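Undergrad: okay, sequence plus prediction incoming.
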There are 2 protein chains.
Amino acid sequence: MQRERARRERQFLSAAREILLERGYLGLTMDRIAERTEYSKGTLYQHFANKEEIVVALGIAIAEVQQHLFQRATQFEGGTRERLFAIGRAYRAWALGYPQDIAVTQIIKHRSLRNKVGPQRVAELDACEQACSDILSGVVRDGVEAGDVQLPEGFEPGHLAFGLWAMSWGSYTLTLMDFDLTKLEVADSFALLDRHCHALLDGYGWRPLHAEHDWDAVQGRIAAHLDAAVTDPDEPTSSDNAS
Amino acid sequence: MQRERARRERQFLSAAREILLERGYLGLTMDRIAERTEYSKGTLYQHFANKEEIVVALGIAIAEVQQHLFQRATQFEGGTRERLFAIGRAYRAWALGYPQDIAVTQIIKHRSLRNKVGPQRVAELDACEQACSDILSGVVRDGVEAGDVQLPEGFEPGHLAFGLWAMSWGSYTLTLMDFDLTKLEVADSFALLDRHCHALLDGYGWRPLHAEHDWDAVQGRIAAHLDAAVTDPDEPTSSDNAS
DNA sequence: TTCCGTCTTGACGATCCGTCAGAAATCGCC
DNA sequence: GGCGATTTCTGACGGATCGTCAAGACGGAA
């Protein structure tokens, strides 16, 4: 039964995520996943051809959450730079809410892993990432069309999107890697990233500039917008509700 | 003999690097290293307690090269922003010259690996990275002192350095991870990174701004400066000499 | 030569991956 | 319900690798 199969796949992934949290990447073994789900290893291997596939599958789930957050953020009603800012906040919310997932994403991004994974799964992962970067590029395009920003000669919207993404991703991984400094800087590193993104956009002249706008106020509205998405449509189960 | 020991350690590392190039990270095994160096596994284990230690040791060697390049770059005679640009070019030269090393660095940056490595080796690696980021911070400090840039309230030089580093590192890893897009974008992604760094510095108002200066000309001078360093002192004869 | 401390070796136990022949469950038909 | 066919599940197994360690090789001193 197809339905049963999907349910089991979720079980496997859920177990894998638990083990990953408890024992780290090196502690994640196929035997342990099988043991925890009380299925046999053979059954597990009918879903995932190898360990890497499981990690990539986890990555796909993560990317879908990200995509969802980005989609929500891009619907924020405001100027183009505000919407870009909203996506940045969504990314930040993701990084703060699922810190473990950054490590998983980091593993997935490593090439040697992709070689052992089936092409359709890789394609699925790429599609998710493509969707996220398309959302980002779309907002840049909107900014250009609205006349809020003028890209240099030969610049595509995706180029600017890449810069923002690279800086964010770099910040997260560098922050994550430091053991001791992290404790002192983590709270900072997010604020810092925000500030750098503003500087980058200022550098390209995207209006309103950092100094021209009350971004703290915008941030509050964005938080409300994103929170609404998190708490609103996520509850099909609760029985007691006030009208 | 201490001398002998150091020589062997270099042999092991050299073999490890070769295997890494030929067969990738998953193909790097202790047996293969032992076989290639014609030492036994037991001897290998007297130098490195486990596979992770070897990778970190490779990372230290890589970081030393980086540090050397940065040091050379920072001696470029020019304005503070030009010197910063020189470091960027040095980083780029490193990434282009040793693409495989980016993958190694990426592995090292992953936390789960550090747990299995001896503390003094980790400390050595951290020291190298600290040195590199100190060089970067130093130039930022010079820029502030020279009045070329005015940092926002509460901003330390290291904060700006972190931004540049994060964007560069993020660009490299994101570029490296894509299989197909890479082929089309690689030549671009470096130029793009340059442009983004300029935008970031412009955003913080570091003079002279991107539009105020002939950076292509500076780039030529920097290349000459760095090339001089690469071709000059790179040939220590392997033959022994009396001291 | 013989003894003794040091260095080296490769066989070994342990762990984990991925497979596959057979067991168990389910289905289809009478 | 009975019974064979088909699908699904299982866990023991071979292969690869890690890291260890008892035994052997080596070299210098007596």
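TA: Alright, I've got the coordinates.

Undergrad: check what pLDDT the closest residue to residue A:109 other than its chain neighbours gets.
TA: Once flanking residues are discounted, residue A:109 sits nearest to residue B:177: 4.4 Å by Cβ to Cβ, 6 or more residues apart in numbering or on different chains. Every C-beta, even on glycine, is put in place using the N, C-alpha and C of the backbone. Residue-level confidence at residue B:177 comes out at 75, pLDDT.

Undergrad: so what's residue B:177 up against?
TA: By Cβ atoms under 8 Å, 6 or more residues apart in numbering or on different chains, residue B:177 lies in contact with A:109-111.

Undergrad: helices of chain A, start to end?
TA: A:2-23, A:30-37, A:41-47, A:51-74, A:80-97, A:99-108, A:111-114, A:119-145, A:157-177, A:180-203, A:215-231 (DSSP state H).

Undergrad: low-confidence stretches in chain A?
TA: Counting by pLDDT under 70, the low-confidence segments of chain A come to A:1-2, A:178-187, A:229-243.

Undergrad: which residue is it, in chain A, that comes closest to DNA strand D?
TA: Going by Cβ to the nearest atom of the strand, DNA strand D is nearest to residue A:42 of chain A, at 2.3 Å.

Undergrad: can you count the residues close to that residue?
TA: 8 (other Cβ atoms under 10 Å in any protein chain shown).

Undergrad: on that earlier part again, which of the helices of chain A is buried the deepest?
TA: With neighbours taken as mean count of other Cβ atoms under 10 Å in any protein chain shown, these reach their highest mean count in helix A:157-177, at a mean of 23.

Undergrad: quick one: it to chain centroid distance?
TA: In terms of Cα atoms, centre = their mean, to the nearest Å, the centre of helix A:157-177 is set 12 Å apart from its chain centre.

Undergrad: that one vs helix A:99-108, what angle?
TA: For helix A:157-177 against helix A:99-108, the angle by axes from the mean of the first three to the mean of the last three Cα atoms, to 10 degrees is 110 degrees.

Undergrad: quick one: work out the angle between helix A:157-177 and helix B:119-146.
TA: Going by the same axes, to 10 degrees, helix A:157-177 makes 130 degrees with helix B:119-146.

Undergrad: relative orientation of helix A:157-177 and helix A:80-97 in degrees?
TA: Note on geometry: by the same axes, to 10 degrees, helix A:157-177 and helix A:80-97 are set 30 degrees apart in direction.

Undergrad: was I right to think residue A:11 contacts residue A:37?
TA: Yes. Here residue A:11 reaches residue A:37: they are 5.1 Å apart, a contact under Cβ atoms under 8 Å.

Undergrad: got any residues that touch both of these two?
TA: With Cβ under 8 Å, 6+ apart, residue A:11 and residue A:37 have no common neighbours.

Undergrad: so which bits of chain A are right by DNA strand C?
TA: When proximity is defined as Cβ under 7 Å from any atom of the strand, chain A approaches DNA strand C at A:28-31, A:41-42, A:45, A:49-52, A:116.

Undergrad: would JSON lines of the residues you listed with distance to chain B be doable?
TA: Shown next, in JSON lines, are those (distance: Cβ to the nearest Cβ, whole Å):
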{"residue": "A:28", "distance to chain B": "10"}
{"residue": "A:29", "distance to chain B": "14"}
{"residue": "A:30", "distance to chain B": "16"}
{"residue": "A:31", "distance to chain B": "19"}
{"residue": "A:41", "distance to chain B": "21"}
{"residue": "A:42", "distance to chain B": "24"}
{"residue": "A:45", "distance to chain B": "19"}
{"residue": "A:49", "distance to chain B": "15"}
{"residue": "A:50", "distance to chain B": "11"}
{"residue": "A:51", "distance to chain B": "11"}
{"residue": "A:52", "distance to chain B": "10"}
{"residue": "A:116", "distance to chain B": "8"}
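
Undergrad: residue closest to the middle of chain A?
TA: residue A:66 (3.6 Å; Cα atoms, centre = their mean).

Undergrad: show me the contacts for residue A:160.
TA: So residue A:160 contacts A:140, A:151, A:204 (Cβ under 8 Å, 6+ apart).

Undergrad: just give the nearest non-adjacent residue to the second one, would you?
TA: Put plainly, it is residue A:151. Residue A:151 sits nearest to residue A:144 (Cβ to Cβ, 6+ apart), 6.1 Å away.
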